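1. no FASTA, just this:
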């Protein structure tokens with residue numbers, strides 16, 4: 001059955017999102033001057049789970065974990081790289097997309113989380129292009145199908161080999177009774193501006209489109225014969241590199257392995273702690289503020305490298321969120337807490353803002369933006385508890401604004417002599433700071449119908465706001481005294497743990513993304529919702545469904561009612 005437990009190929013019980021190039025099995029990364037080449041050369045005998053082979057450069061989550069790592073390293077370890085060439089290491093195939101055997105045997109939760117992670121990875125390619133000046137050129141040789149074409153769609157420029165057989169296609173609907181799960185439909189229409197009728201033909205044609213028609217329909221940017229391919233790739237790389245603002249000759253920093261200790265009840269990082277209360281279906285993430293002021297210069301920041309507090313915290317929080325998503329499926333609520341000096345947090349925010357033109361400061365701010373988006377997109381109830389000793393200020397206050405609810409303690413609990421809790425707003429909380437997928441700040445999204453509330457919050461920047469002031473400004477859901485604190489929070493946890501997880505996921509995803517619709521919100525809201533439903537329908541995953549019968553010679557049996 002698709003929802004039976006599967007064994008990881010490495011014999012462990014958890015999926016690990018941390019890797020490095022020395023452990024890559026599926027990608028080859030090289031750099032030469034301002035151009036990097038990222039070659040997809042999937043080891044078919046190295047799947048994440050047992051029971052299938054990754055033939056024809058097809059991929060599973062393990063392949064994409066390596067891709068995400070490579071993209072992150074290109075941004076931090078290679079600031080000199082202005083253009084990334086995305087290519088295949090296999091003859092006659094670029095990428096066959098997500099591995100069908102993997103999908104057919106995967107649990108529903110794994111399929112959904114797999115699609116979510118691959119979406120985030122492709123969004124990161126576009127983020128690097130728009131904000132970091134690192135452009136991507138995809139060179140398609142051979143068949144480029146499904147998720148393979150969705151990977152190409154994330155690039156700035158697609159070159160298709162004109163050899164009579166190389167094609168691009170999105171065959172998920174006719175072959176598998178599912179939809180392209182990584183933004184293919186949205187990018188075809190919204191990014192590449194393909195006409196709706198042409199897109200309809202394209203998405204229902206198994207064999208795909210090649211040559212002149214692929215260019216005419218804007219599915220690719222150009223077709224080039226094999227004899228001229230390498231010269232054209234070099235020419236396009238030079239053209240894109242000339243427009244980039246990434247610093248020539250800059251020296252990157254090493255993204256050294258995360259320091260973490262795992263036990264049965266949690267994970268300990270240097271700036272993050274995760275505690276699991278599985279009986280109550282809770283995961284508490286405590287983030288710790290800096291223990292020293294920021295450096296004086298960008299050179300000192302670069303000298304600290306991956307130990308620079310904002311980057312270290314962002315990487316650790318990212319890893320913790322991903323671990324909970326994929327390995328702790330019974331967790332209902334993620335609780336955010338913090339410890340530290342709010343003043344120091346704001347000093348680090350100010351340092352990054354002051355040095356925003358420096359490539360490393362820019363990349364760290366962008367990393368924080370991506371991590372917070374990961375939080376936004378996590379299908380768990382999110383709650384922030386603001387207590388004495390916390391440091392929810394500036395960038396860290398975004399965790400409270402990302403949460404579905406936030407509770408702030410008035411005064412102290414018995415025996416706690418720390419100063420009462422406060423929250424401090426900074427410039428990072430407003431326009432241009434750390435936007436959501438809808439393009440707005442979290443406060444602007446919160447106050448979508450209350451522009452006067454957003455103005456009032458902006459006037460409070462830099463002030464230490466106690467619980468009652470924060471509640472009055474609309475920055476927290478509830479301010480509670482010591483009499484009500486424990487009971488109110490306990491009832492919230494119990495309520496959340498008793499509701500239908502499916503209903504909660506649907507409700508939270510809808511409520512979190514009010515405001516403008518963007519390509520990202522379409523992909524994560526509209527597409528994810530549809531894919532979540534389709535992945536449970538017998539037409540796709542039933543015993544006689546298309547995913548189960550693909551490659552068997554038996555035709556799928558569909559329930560033909562349109563619903």
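-> That came in fine, so what should we check first? This structure is a prediction, so every number in the text was calculated from the model and none was measured. Residues are numbered from 1 along each chain as shown.

2. Double-check residue 538 against residue 559; I have them as touching.
-> Yes: using C-beta atoms under 8 Å, residue 538 is in contact with residue 559, at 6.2 Å. To be clear about C-beta, it is placed using only N, CA and C from the backbone, and glycine gets the same treatment.

3. which of the two has more neighbours?
-> residue 538 (16 against 12; other C-beta atoms under 10 Å).

4. Surely residue 144 is within a helix?
-> No: using DSSP: H, G, I helix; E, B strand; the rest coil, the assignment for residue 144 is strand, not a helix.

5. who are the neighbours in contact with it?
-> Applying C-beta atoms under 8 Å, 6 or more residues apart in numbering to residue 144 gives the contacts 94-95, 152, 160, 166-169, 208.

6. Strands of the stretch 251-400 of the chain, start to end?
-> Ranges of strands in the stretch 251-400 of the chain, per DSSP state E, counting those that start in this stretch, are 260-263, 266-269, 272-277, 282-288, 333-339, 381-386.

7. right, so those strands: which one is the most enclosed?
-> Ranked by mean neighbour count, the strands of the stretch 251-400 of the chain are led by strand 381-386 with a mean of 24 (mean count of other C-beta atoms under 10 Å).

8. Next, the angle from it to strand 333-339.
-> Angle of strand 381-386 versus strand 333-339, following axes from the mean of the first three to the mean of the last three C-alpha atoms, to 10 degrees, is 20 degrees.

9. partners of strand 381-386, with directions?
-> strand 333-339 (parallel), strand 405-409 (parallel) (DSSP bridges).

10. okay, now residue 234: neighbour count?
-> 12.

11. same for the helix ranked longest in the chain, what does it pack against?
-> As assigned by DSSP state H, the longest helix anywhere in the chain is helix 108-132. Under the contact criterion of 3 or more C-beta pairs under 8 Å, 6 or more residues apart in numbering; DSSP states H and E, helix 108-132 touches helix 61-76, strand 135-140, helix 147-153, helix 309-327, helix 359-376, helix 528-534.

12. after the first one comes which helix or strand?
-> Yep, that's helix 61-76 we're talking about. strand 83-88 (DSSP states H and E).

13. Can you list the strands that that next one pairs with?
-> strand 35-40 (parallel), strand 135-140 (parallel).

14. elements contacting whichever helix or strand comes after that strand?
-> Toward the C-terminus, strand 83-88 is succeeded by strand 93-95 as the next helix or strand (DSSP H and E). If contacts are counted by 3+ C-beta pairs under 8 Å, 6+ apart, strand 93-95 sits against strand 143-145, helix 147-153.

15. what mean pLDDT does the following helix or strand past strand 93-95 have?
-> Later in the chain than strand 93-95, the nearest helix or strand by DSSP H and E is helix 100-105. The average of the pLDDT scores along helix 100-105 is 93.

16. Just the buried residues of helix 100-105, please?
-> 100-105 (16 or more other C-beta atoms under 10 Å).

17. Can you tell me which of these is closest to residue 189?
-> Residue 189 lies nearest to residue 103 out of these, by C-beta to C-beta, at 24.1 Å.

18. OK, contacts around the closest one?
-> 111, 176, 178, 547.

19. Surely the second one and residue 99 touch.
-> Meaning residue 176. No: at 11.7 Å, residue 176 and residue 99 do not qualify as touching, with contact defined as C-beta under 8 Å.

20. returning to that earlier point: mind putting the strands of the stretch 251-400 of the chain in TSV, distance to residue 66 and mean pLDDT included?
-> As requested, those are exported to TSV (distance: least, C-beta to C-beta, whole Å; pLDDT from 0 to 100):
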stretch	distance to residue 66	mean pLDDT
strand 260-263	19	96
strand 266-269	22	98
strand 272-277	23	98
strand 282-288	26	98
strand 333-339	26	98
strand 381-386	29	98
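
21. what's the closest of these to residue 139?
-> For the strands of the stretch 251-400 of the chain, the distance to residue 139 is smallest for strand 260-263, at 37.2 Å, taking C-beta to C-beta.

22. picking that back up, deepest of the helices and strands packed on helix 108-132, which one?
-> Among the helices and strands packed on helix 108-132, highest average neighbours (mean count of other C-beta under 10 Å) belong to helix 147-153, with a mean of 28.

23. which other helices and strands contact that one?
-> Under the contact criterion of 3+ C-beta pairs under 8 Å, 6+ apart, helix 147-153 touches strand 93-95, helix 108-132, strand 135-140, strand 167-169, helix 184-186.

24. Return the most buried member of these.
-> For these, the highest mean count by mean count of other C-beta under 10 Å goes to strand 93-95, at a mean of 26.

25. Low-confidence bits of this structure, can you list those?
-> Scanning the chain with the threshold set as pLDDT under 70 gives 1-5.

26. re the thing from before, if we compare the helices and strands packed on helix 108-132, which one ends up closest to residue 474?
-> helix 359-376 (18.9 Å).

27. could you pull out the helices for the stretch 351-500 of the chain?
-> Under the criterion DSSP state H, counting those that start in this stretch, helices of the stretch 351-500 of the chain are mapped to 359-376, 398-402, 442-446, 451-459, 467-472, 485-498.

28. got the buried residues for the very next helix or strand once past the last one?
-> So that's helix 485-498. Following helix 485-498 in sequence order, the next helix or strand is helix 501-512 (DSSP H and E). Across helix 501-512, burial judged by 16+ other C-beta under 10 Å covers 501, 504-505, 508-509, 512.

29. which secondary structure elements does helix 501-512 contact?
-> By 3+ C-beta pairs under 8 Å, 6+ apart, helix 501-512 packs against strand 381-386, helix 528-534.
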